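Trainee: model this:
(chains A and B)
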Number of protein chains: 2
Amino acid sequence: MKIVALAGGVGGAKLAHGLALTLPPENLTIVVNTGDDFVHLGLQICPDLDTVCYTLAGLDNPETGWGRRDETWAAMRNIARLGGPTWFNLGDQDLGTHLERTRRLQAGQPLSAITRAFCAAWGVGPVVLPMSDDPVRTLVETVDEGILAFQEYFVRRRCEPVVRGFVFQGADAARPAPGVVEALEAADAVIFCPSNPWVSIGPILAVKPLQAIIAAKPVWAVSPIVGGQAIKGPAAKMYRELGIEPSALAVARQYQNLLTGLVMDEVDREQAEAVRATGVRPYVTNTIMRSVEDRKALAEEVLRCCQ
Amino acid sequence: MKIVALAGGVGGAKLAHGLALTLPPENLTIVVNTGDDFVHLGLQICPDLDTVCYTLAGLDNPETGWGRRDETWAAMRNIARLGGPTWFNLGDQDLGTHLERTRRLQAGQPLSAITRAFCAAWGVGPVVLPMSDDPVRTLVETVDEGILAFQEYFVRRRCEPVVRGFVFQGADAARPAPGVVEALEAADAVIFCPSNPWVSIGPILAVKPLQAIIAAKPVWAVSPIVGGQAIKGPAAKMYRELGIEPSALAVARQYQNLLTGLVMDEVDREQAEAVRATGVRPYVTNTIMRSVEDRKALAEEVLRCCQ
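Mentor: Numbers count the residues shown, from 1 in each chain, chains lettered A, B, ... in the order given. All right, here's what the predicted structure looks like:
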């Protein structure tokens, strides 16, 4: 069974890792959100791509949820001493990734080719692709502070401003990265990892040619909302600020036209029939991934749903 | 007594440190070669400026002669794993300097202002200035490999190619950095630190407006050639390849029109009268700086010569 998984940050990376532990590498392609990407200190930073690749390579930092394991911070300490910007923290090993990626981009290599090369160097088996080699930038429309670039909202303002919408700048013109359409066309099913529907899966679906191809496939999503809360990140807060009660049902409704089924947590079992009433098949299980075994177990269940 | 010192890399930084330990900070300006500067991994690297500033701040690495004390190498290890360029090594703390400098340059700050701000942050007392905020690039004309950019010759090719000349690209159009002309005009004497005459002091003197101002001042140089050898670096090799026997006398002849006197090592005492015959006053002493005390002692002797 060939699978394409769409993923954003930490939650998406965990399920992607479970899928990588379960499927032969040639049967899995992971398409990653690049709407969070930005240039900082002259470096091209791709937070979701790095989180997914580091997690699949076993290089991820389980304490922070971003960056590298056993990280050091000498460069940022020196930047701080020089009065430079410290609101976006970058570790020393992680800086190596950004420096080499930026060098290759400036030499004309596309992000997808760079990501493939990095995955080969890190021993990552499945193909990991950015949704597009063209720039797509997530902008957050806020009630009180106007439009914020994503990292300004997410890191510098710690998701505090009240949101009223999102813009995926460049998405209309963005072409899917080489390999994305081919992988989707060959896929037996598509999995939406438990990533933020608004700002992780949303930007991928905003790349125009992708939605029609995905709509023709069996699609299973794993709800990132459990017991009315996001495991990590601002998804639940975003739902509330947009006037929607955060719930597995809300996730099912948001993806409704695309979904075959929704994997939802035990604690939300009472929403299963309401999900079914929207035309989406519910599957109830434990979706919290505390250990690597949890990732693999959830991946196996989601794959059984897809069969 | 107000002093301007011209300096390049390690030897120049050591004497500059000695001068900084001897003179009140407001009486010393150090003008540094930027002909070695280059862009690598998207970063603006200024090797001589960094060596001088790190040395004055006590942050220098005494083992390597470049970069930072107690350095770590996590970023470069990751770049190496990703197949990136490793011929020019950059430590993690040092990367912080290059990242913040590059950020400020891209934001429109001139190199001289950035250097002043960095020196303030590092607690460096004397004013340290690049010779120019405009780009001057030292090119090495070689017998067998054509023209090489300085770091290609110096680091990647380890000074192996035989040289036949040097070009200071951009020097004709380069304006002295703000503060350089003012410091020279106010100076009671100018000191050429024991840096490479060809590729450290040479590029500074190639910035057109400087030579005439310097020629009107008492100028003392410290010979970087001791016993026919350079303490560090390719100066002696360059003299030989250009058909000149490397010696203190050769240094005196090279700077002849500008020099009041030459501080030369005890081992070269027999050349003193030949130096005097060129119209340059010789002063013979121990010029090898093994310790911080040596730096201070030599600085005190050079300053006495200038009086």
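
Trainee: buried set for stretch A:262-280?
Mentor: In terms of neighbour count (16 or more other C-beta atoms under 10 Å in any protein chain shown), stretch A:262-280 has its buried residues at A:Leu262, A:Val263, A:Met264, A:Asp265, A:Val267, A:Asp268, A:Gln271, A:Ala272, A:Ala274, A:Val275, A:Val280. C-beta: built from backbone N, CA, C; applies to glycine.

Trainee: Neighbouring strands - and their directions - for the helix or strand the second one falls within?
Mentor: I take that to be A:Val263. Using DSSP states H and E, A:Val263 sits within strand A:261-265. With DSSP bridges as the criterion, the sheet partners recorded for strand A:261-265 are strand A:219-222 (parallel), strand A:281-285 (parallel).

Trainee: Over the longest one, what's the mean pLDDT, rounded is fine.
Mentor: What that stands for is strand A:281-285. With pLDDT averaged residue by residue, strand A:281-285 scores 98.

Trainee: Show me what it is in contact with.
Mentor: Counting contacts by C-beta atoms under 8 Å, 6 or more residues apart in numbering or on different chains, the residues outside strand A:281-285 that touch it are A:220, A:248, A:252, A:260-266, A:268-269, A:271-273, A:275-276, A:298, A:301, A:305.

Trainee: Recalculate using a threshold of 10 Å.
Mentor: The contact list for strand A:281-285, computed with C-beta atoms under 10 Å, 6 or more residues apart in numbering or on different chains, reads A:220, A:222-223, A:248-249, A:252, A:259-276, A:297-298, A:301-302, A:304-305.

Trainee: Mind checking which of the residues you listed land in strands?
Mentor: A:Trp220, A:Val222, A:Gly261, A:Leu262, A:Val263, A:Met264, A:Asp265 (DSSP state E).

Trainee: send the alpha carbons of the strand holding A:Val263 over as CSV?
Mentor: Once side chains and other backbone atoms are set aside, the C-alpha atoms of strand A:261-265 remain, and they are given as CSV (Å, rounded to 0.1, in the frame of the first residue of the first chain):
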residue,chain,number,x,y,z
GLY,A,261,-12.5,9.0,7.8
LEU,A,262,-11.3,10.6,11.0
VAL,A,263,-9.1,8.8,13.6
MET,A,264,-10.2,10.4,16.9
ASP,A,265,-9.2,9.9,20.5
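
Trainee: what's the closest non-adjacent residue to A:Val226?
Mentor: For A:Val226, the nearest residue in space outside its immediate sequence neighbours is A:Asp265; the separation is 4.3 Å by C-beta to C-beta, 6 or more residues apart in numbering or on different chains.

Trainee: So that neighbour sits against A:Asn286, correct?
Mentor: Yes: here A:Asp265 lies in contact with A:Asn286, judged by C-beta atoms under 10 Å, at a distance of 6.7 Å.

Trainee: between these two, what contacts are shared?
Mentor: Common contact partners of A:Asp265 and A:Asn286 (C-beta under 10 Å, 6+ apart): A:Val226.

Trainee: Before we move on, what's the pLDDT of A:Glu63?
Mentor: pLDDT recorded at A:Glu63 is 87.

Trainee: is it true that it touches A:Val10?
Mentor: No: at 11.6 Å, A:Glu63 does not count as touching A:Val10 under the criterion of C-beta under 10 Å.

Trainee: Neighbour count for the two, which is higher?
Mentor: A:Val10 (23 against 9; other C-beta atoms under 10 Å in any protein chain shown).

Trainee: contacting residues around the residue in the stretch 201-307 of chain A positioned nearest to chain B?
Mentor: For the stretch 201-307 of chain A and chain B, the shortest gap (C-beta to the nearest C-beta) falls at A:Val292, measuring 22.9 Å. Remark: with contacts taken as C-beta under 10 Å, 6+ apart, A:Val292 is in contact with A:Lys14, A:His17, A:Gly18, A:Leu21, A:Gly58.

Trainee: residue ranges for the strands of the stretch 101-250 of chain A, please.
Mentor: Taking DSSP state E, counting those that start in this stretch to define them, one finds strands in the stretch 101-250 of chain A at A:127-130, A:137-142, A:147-149, A:163-169, A:189-192, A:219-222, A:225-226, A:229-230.

Trainee: Please report how far A:Ala80 lies from B:Asn78.
Mentor: 21 Å (C-beta to C-beta, to the nearest Å).

Trainee: Please say which of the two ends up with more neighbours.
Mentor: Taking other C-beta under 10 Å, A:Ala80 and B:Asn78 do not tie; B:Asn78 has more neighbours (25 against 16).

Trainee: is it true that that one touches A:Asp50?
Mentor: No: because the distance of 11.5 Å does not satisfy C-beta under 10 Å, B:Asn78 is recorded as not touching A:Asp50.

Trainee: residues shared between the contacts of the two?
Mentor: Contact criterion C-beta under 10 Å, 6+ apart; residues bridging B:Asn78 and A:Asp50 by contacting each: A:Leu59, A:Arg68, A:Asp94, A:Thr97, A:His98, A:Phe118.

Trainee: Close to chain B as well: tell me which of those residues qualify.
Mentor: If you filter these for contact with chain B, counting by C-beta under 10 Å from any C-beta of the partner chain, you are left with A:Leu59, A:Arg68, A:Asp94, A:Thr97, A:His98, A:Phe118.

Trainee: The last one: what's its closest spatial neighbour, skipping adjacent residues?
Mentor: Taking C-beta to C-beta, 6+ apart as the measure, A:Phe118 lies nearest to B:Leu82, with 5.8 Å between them; neighbours along the chain are not counted.

Trainee: right, and the one you found touches A:Arg116 too?
Mentor: No: B:Leu82 is not in contact with A:Arg116 according to C-beta under 10 Å; the separation is 11.8 Å.

Trainee: Give me the neighbour count for the closest residue in space to A:Val10 that isn't next to it in sequence.
Mentor: Nearest-residue entry for A:Val10: A:Gly65, 4.5 Å, with adjacent residues in sequence omitted and distances by C-beta to C-beta, 6+ apart. Counted with other C-beta under 10 Å, the burial measure for A:Gly65 works out to 16 neighbours.

Trainee: pretty sure A:Gly65 belongs to a helix, no?
Mentor: No: the secondary structure assignment for A:Gly65 gives coil rather than a helix, going by DSSP: H, G, I helix; E, B strand; the rest coil.

Trainee: That one: what's it in contact with?
Mentor: The neighbourhood of A:Gly65, defined by C-beta under 10 Å, 6+ apart, consists of A:Gly9, A:Val10, A:Gly11, A:Ala13, A:Lys14, A:Thr51, A:Thr55, A:Lys232, A:Gly233.

Trainee: Tell me the most packed of the residues you listed, by neighbour count.
Mentor: Taking other C-beta under 10 Å as the neighbour criterion, A:Lys14 ranks highest of the contacts of A:Gly65 with 30 neighbours.

Trainee: Residues of the stretch 101-250 of chain A that sit close to chain B?
Mentor: By the rule C-beta under 10 Å from any C-beta, the part of the stretch 101-250 of chain A lying against chain B is A:Arg101, A:Thr102, A:Arg103, A:Arg104, A:Leu105, A:Gln106, A:Ile114, A:Ala117, A:Phe118, A:Ala120, A:Ala121, A:Trp122.

Trainee: a markdown table for those residues, including distance to B:Val127?
Mentor: Output for those, formatted as a markdown table (distance: C-beta to C-beta, whole Å):
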| residue | distance to B:Val127 |
| --- | --- |
| A:Arg101 | 38 |
| A:Thr102 | 33 |
| A:Arg103 | 34 |
| A:Arg104 | 39 |
| A:Leu105 | 38 |
| A:Gln106 | 34 |
| A:Ile114 | 42 |
| A:Ala117 | 45 |
| A:Phe118 | 44 |
| A:Ala120 | 49 |
| A:Ala121 | 45 |
| A:Trp122 | 46 |
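
Trainee: In helices only, show me those.
Mentor: Within these, membership in helices is found for A:Arg101, A:Thr102, A:Arg103, A:Arg104, A:Leu105, A:Gln106, A:Ile114, A:Ala117, A:Phe118, A:Ala120, A:Ala121, A:Trp122, as judged by DSSP state H.
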